[in-house]
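1. pasting the structure only:
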């Protein structure tokens with residue numbers, strides 16, 4: 001547990017030039033608090049303690065402004081910067097070293113049971129206000145521009161902007177001219 005907290009603090013240092021010291025990070029980063037509380041809630045969810053997990057999740061939302069469903073899966077070193085308004089749905093799957101800015105929604109587009117929310121592979125960055133919707137995949141290293149609305153899969157290392165989101169830069173493939 002303490003190893004992951006240290007890892008989270010180092011992750012903030014690496015991605016936020018305003019971070020001054022570990023104490024400031026531990027006490028003043030609500031995105032980090034939301035992630036720490038989510039880890040507890042996710043364990044409770046896995047043990048079948050659904051009501052308690054959802055209730056503590058709502059307490060966390062009230063305190064941090066970040067709503068993470070206890071069923072969502074978060075990788076290591078996820079960083080939610082200026083987290084107010086971030087929403088992460090139940091079947092979302094977030095890889096390692098992902099960065100989410102304020103107002104991001106990882107939401108569903110269906111009321112059917114099963115996978116309804118996005119998968120973000122490692123090293124994805126989602127800009128402020130972006131909406132990533134449905135059971136789609138953001139490939140490793142993808143970047144989603146602020147206020148974009150993404151409803152289709154995004155390849156690895158691509159940059160997506162706009163409404164609807166469209167790829168404006170993609171890593172060249174071996175067969176590219």
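-> That came in fine, so what should we check first? Just so you know, these numbers come straight off a predicted model, no measurement behind them. Numbering: from 1, shown residues only.
2. is residue 11 in contact with residue 98, as I believe?
-> No. Between residue 11 and residue 98 there is no contact under Cβ atoms under 8 Å: 10.1 Å. Every residue, glycine included, has its C-beta placed from N, CA and C.
3. identify the contacts common to these two.
-> Counting by Cβ atoms under 8 Å, 6 or more residues apart in numbering, the contacts common to residue 11 and residue 98 are 78-79.
4. for the chain, which helix is longest?
-> As assigned by DSSP state H, the longest helix anywhere in the chain is helix 30-46.
5. list the buried residues of it.
-> By neighbour count with 16 or more other Cβ atoms under 10 Å, helix 30-46 contains the buried residues 30-39, 41-42, 44-45.
6. and if you look at stretch 16-29?
-> For stretch 16-29, the neighbour count (16+ other Cβ under 10 Å) marks 16, 19, 25, 29 as buried.
7. mind listing what the first one touches?
-> In this case it means residue 16. Residues in contact with residue 16 (Cβ under 8 Å, 6+ apart) are 79, 81.
8. the last one now?
-> Counting by Cβ under 8 Å, 6+ apart, residue 29 touches residue 12.
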